[in-house]
Structures are given as C-alpha cells and as structure tokens.
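Engineer: Give me the fold of what follows.
(4 chains)
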2 protein chains.
Amino acid sequence: MAGYGQFCPVAKAMELLDERWTMLVIRELLCGSRHFNDLRRGVPRMSPSLLSARLRTLARAGVVERHEDGKQVTYLLSPAGEQLRPIVEALGQWGLTWMPELGDEDYDPHLLMWDLHRNVDLGAVPPGRTVIRFSFDDVRAEDRHWWVVITAEGADLCSFDPGHPVTATVETDLRTLTRIWRGQLSWPQSQRSGELQVHGPTHVARNLPRWFHKQSILPPETAASYAG
Amino acid sequence: MAGYGQFCPVAKAMELLDERWTMLVIRELLCGSRHFNDLRRGVPRMSPSLLSARLRTLARAGVVERHEDGKQVTYLLSPAGEQLRPIVEALGQWGLTWMPELGDEDYDPHLLMWDLHRNVDLGAVPPGRTVIRFSFDDVRAEDRHWWVVITAEGADLCSFDPGHPVTATVETDLRTLTRIWRGQLSWPQSQRSGELQVHGPTHVARNLPRWFHKQSILPPETAASYAG
DNA sequence: CAGTATCCATTTCGATACTG
DNA sequence: CAGTATCGAAATGGATACTG
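Structural biologist: Next up, the predicted model:
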C-alpha cells in the first residue's frame, strides 16, 4: 500500500497503523503477548504469514523489538509502541461507546475465554487450585465447555476436562458472557435475570465476578506475571 | 473488507477507522472542512469516488452527518465523530514523535499552503488587507509562488498573483517551511540560518510567525470562522 | 458545486500446506 | 515453537471522464 503523500503527522502515523490487523497485533502486545503463538491466539483469523509480515513491518518502523534468546523469539513493544497504549485504550472506549453492536461473527468462545483467563486476578482467588468450568448452552458441543485452572503460578485455559475437581461452574450463553466482559452488562444483573448461573459454594458464587476482572489493557509488568 | 470477527471494542472501532484514508477524512472534518470540495483539497490524492464512498460509510456508522440545505451539501461530525478529536490529536503527536521522517512524496506545496492559510490567526494580523507571498526556491515554477490574502473576513489562498500590493514575502524552500509547520524547526532558527527569509517591513518580519500558528486541530467553532 | 460511472491494474488477504 | 511458501479469489482503490 502506498503512503499518503502528506506531511501531516496523523497521515504518517496512519500509514503504519491503519493497515488491516496492525492495531490488533499492537493490542495483543499491549496485553502482554510476547511470542508468535501467543499472538496468534489473540488474532486467530489472521494467517500466520500475515502476522509475520505485520511484525516485520512494526519492527522496521521501530514499534516492536524482536529478540532472539537462543531458540526463543520474543516480541516486545519499544517505547514508541508502549506510547500507543493510551491511544489503543481510547479507541477501545470509543468503540464501546459508539459502536456497541456486535454481529454474529463477533461472538467467539475461544477469544472470549482466552481473554478471560488472562485477566484472572490471581491475588483475589483463594490459595490452592481453583478450577472454574464455563459452559455455553448456545454453542456447538465442541466449543461448549471450558476449564480455567487457577493456581498461584497463573491461570491456564483448557477446552477439555483437565481432570481436577471443579470448584464452580458457570452456565450461561455466549452473548451474555461476552456482554459482561465488554462491560455492557453486570454479573449480578445477569445472575438475577437467570441468564448466567454460578453453581458451587456460595462464597465462590459471590466472589467469582471479582476474580475475572478486565483491566482495561494490562500494563506490561502486570501482564508478565500472568505469562503461562 | 470483512470485519475482524472479534468482540473487542478496539477491533470494532478499527473495522471502521482503519480503512485507508478514513482517518484523514476525519482529520479534515475536525479541522473544519464541511463541503465535498473542501475535503478534496485536504486529501487531494484521494479519488472523488473514494471520498464519496468513505463519507457514506462514515455516515452509515453515525460518525458523520450529511445535511442537504437546498443545493448545498454539508458534512458535519456527529458527537461520535467529535469524540475522535483527542484520538486524532494523540495520533498526530505520536506520529510527530516516532515517525518524524518524511519521504520526498510527503512534501507538497499545495497541502502545505492550504493548511497554512486555514490556520491564520486573524486576530493577530493588523487590520486592513495583508498579502503575504510565499516563494519556494526548490519547487517547480508552476507551484513556486503563493499568495495568502488576509482580511477581517478570513484568509484566501491564491496560486496566482491576485494583484494586491504584497505586504511581505517569505522566501524559503519547501522542506524548511514544512518542518517549521510540523513544529520540528522554529521560525527564528531558520531565519538565523538563512533557510528562510522574510522580506518586508521590520515589524511584519518580526510578527509574521505569530500570524501563522498551527493550532493542533481546530475546534469546530473556531474553524467555522475561517470558512471561506 | 457535488458528486457518479467505469474500468482495470494492483494489492491484499485468506487458506492451506509445509519446514527447521 | 516459530515461522515460510504458495496460490488464487476478492476487493481495493487510482485514473479518468462525465453529469445534474
């Protein structure tokens, strides 16, 4: 894609940032994804070659730093990339306010659970192992059940029964949990209406909403402690 | 172009905003352009059909309002569009800081003079008619000379001699004035180095930098008073 | 002034398969 | 794990001319 041929700094910024997927890759990096396959999970509809191309472009532009530590490849935002954080947050806030409608395509249990599990507030969850099963009654069998396994080390996401005893079960539909997660609906509200039910010990049912709490976009230090 | 298939508000915002040219059209509207051909002057490399398509998309999304007053068609930002102002400003600041390099393609006397003339601080210019001629010694003859005619009513831009007596002449090269205008170089600095010369009465030479002063992005009321 | 219409070159992207 | 390779379909948009 050609540039805009304008000296305007907005134009120069958008030459880089308005390419398809680019802002979402940056969002993933802001959320703490550091490795190629982590990033892929955040943008699963993006082909790996395109993700690779975008990362190269961002690195060339000085927004992303690519580090090779032996076999391990790590992508980090440079200071320039880090300074996009308030912009990405503002775009998210704007999107939530002014483009609140979702299409059928936008509901995705993989993406939802991936985002939920990486926003577990480890400090809020009781010590020991906690296993929460999520079940979506309106999703095809294959993607219906999810397990979030929380220990002091972090939170893991499974799409199959990991075998540990389940602490509590959340039964709902994909739209409801998505709307809660986007901040358009509250947990208690949806529990009262019956759209979402938590089965398990009372204290768990009461506190669970606090365990999954979307930080707007996690600062990198915080995100690092979640790496799993 | 298909959407992203993500519930993330950033993704929903970018589905609209990351299409090529879209942010520049919004920038133009933020600067106070209200009519099709005004907008074209701000994005001259965009084909009219594409501009038309983008305006339609933005109107459908509720970011732009299209008003027909008789034959006159006016485009205005809706509240949703207006709330993009801080984002566009932040993108400009980010672009200036982190993508400061310009390519040869980015230097454009038309665009520069168009932007300069619409940022004249009418209150700072002495009463009566003031005519400033700008001459770029490194631009092909056709686009070398520009006249900015300032009266109480507003500032007009001519690419031909309008015939009025010239109050002062600015001689420089396109790169220098572009860099000044982007805030990467100061007027006095470039005058000292000789890259820019103002020929005319001393008080004019001294004050002229204050007459052209880029407001980051003009609020609409202010912009309206410049419409001409 | 405010756009439409047309048309094709180019780009871009998605899908899929494959590799060290 | 971290990508590359390939390929074709789709769409994107640039150029130009034209209209009420």
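Engineer: what about A:Arg20, neighbour count?
Structural biologist: Around A:Arg20 there are 18 other residues, counting by other CB atoms under 10 Å in any protein chain shown. (Glycine included, C-beta is placed from N, CA and C.)
Engineer: Just list the residues touching the residue nearest to the spatial centre of chain A, thanks.
Structural biologist: The geometric centre of chain A, computed from its C-alpha atoms, lies nearest to A:Asp115 (CA atoms, centre = their mean), at 2.9 Å. Contacts for A:Asp115 (CB atoms under 8 Å, 6 or more residues apart in numbering or on different chains) come out as A:181, A:214, B:8.
Engineer: when you check those residues against the strands, which ones overlap?
Structural biologist: With strands taken from DSSP state E, there is no overlap with the contacts of A:Asp115.
Engineer: Relative to DNA strand C, which of the residues you listed is nearest.
Structural biologist: B:Cys8 (15.4 Å; CB to the nearest atom of the strand).
Engineer: So what's the residue count around that closest one?
Structural biologist: Residues near B:Cys8, counting by other CB under 10 Å, number 24.
Engineer: Isn't it up against A:Val88?
Structural biologist: No: in this structure B:Cys8 lies outside contact range of A:Val88 using CB atoms under 8 Å: 10.3 Å.
Engineer: rewinding a little: closest to DNA strand D among the contacts of A:Asp115?
Structural biologist: Using CB to the nearest atom of the strand, the contacts of A:Asp115 come closest to DNA strand D at B:Cys8, 20.0 Å.
Engineer: ok, and for stretch A:123-131, which residues are buried?
Structural biologist: A:125, A:130-131 (16 or more other CB atoms under 10 Å in any protein chain shown).
Engineer: try stretch A:43-59
Structural biologist: A:43, A:46, A:51, A:54-55, A:58.
Engineer: pLDDT value on A:Ile217, please?
Structural biologist: Per-residue confidence for A:Ile217 comes out at a pLDDT of 67.
Engineer: re earlier: restricted to helices, list the contacts of A:Asp115.
Structural biologist: A:Trp181 (DSSP state H).
Engineer: re the thing from before, SS state for the residue nearest to the centre of chain A?
Structural biologist: helix (DSSP: H, G, I helix; E, B strand; the rest coil).
Engineer: Next one: A:Arg85 from DNA strand C, what distance?
Structural biologist: 23 Å (CB to the nearest atom of the strand, to the nearest Å).
Engineer: wait, that residue sits on A:Leu30?
Structural biologist: Yes: using CB under 8 Å, A:Arg85 is in contact with A:Leu30, at 5.5 Å.
Engineer: quick one: which of the two has more around it?
Structural biologist: A:Leu30 (22 against 19).
Engineer: Verify the stated contact: that one with A:Leu77.
Structural biologist: Yes: if you go by CB under 8 Å, A:Leu30 and A:Leu77 touch, sitting 6.9 Å apart.
Engineer: could you measure A:Val43 against DNA strand C, distance?
Structural biologist: Taken as CB to the nearest atom of the strand, the span from A:Val43 to DNA strand C is 9 Å.
Engineer: dump the residue contacts of that residue.
Structural biologist: Taking CB under 8 Å, 6+ apart as the test, what A:Val43 contacts is A:21, A:24-25, A:28, A:51.
Engineer: What pLDDT is listed against A:Gln72?
Structural biologist: Predicted confidence (pLDDT) for A:Gln72: 89.
Engineer: What's opposite it in the beta bridge?
Structural biologist: On the basis of DSSP bridges, A:Gln72 is bridged to A:Asp69.
Engineer: What's the local residue count around it?
Structural biologist: For A:Gln72, the neighbour count with other CB under 10 Å is 9.
Engineer: Surely A:Arg41 is in contact with A:Trp114?
Structural biologist: Yes: A:Arg41 is within contact range of A:Trp114, at 5.5 Å (criterion: CB under 8 Å).
Engineer: returning to that earlier point: reformat the buried residues of stretch A:43-59 into JSON lines and put pLDDT next to each item.
Structural biologist: As requested, these are arranged in JSON lines below (pLDDT from 0 to 100):
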{"residue": "A:Val43", "pLDDT": "95"}
{"residue": "A:Met46", "pLDDT": "92"}
{"residue": "A:Leu51", "pLDDT": "94"}
{"residue": "A:Arg54", "pLDDT": "95"}
{"residue": "A:Leu55", "pLDDT": "95"}
{"residue": "A:Leu58", "pLDDT": "96"}
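Engineer: ok, those residues vs DNA strand C, which is closest?
Structural biologist: Looking across the buried residues of stretch A:43-59 and measuring by CB to the nearest atom of the strand, the closest to DNA strand C is A:Met46, at 5.5 Å.
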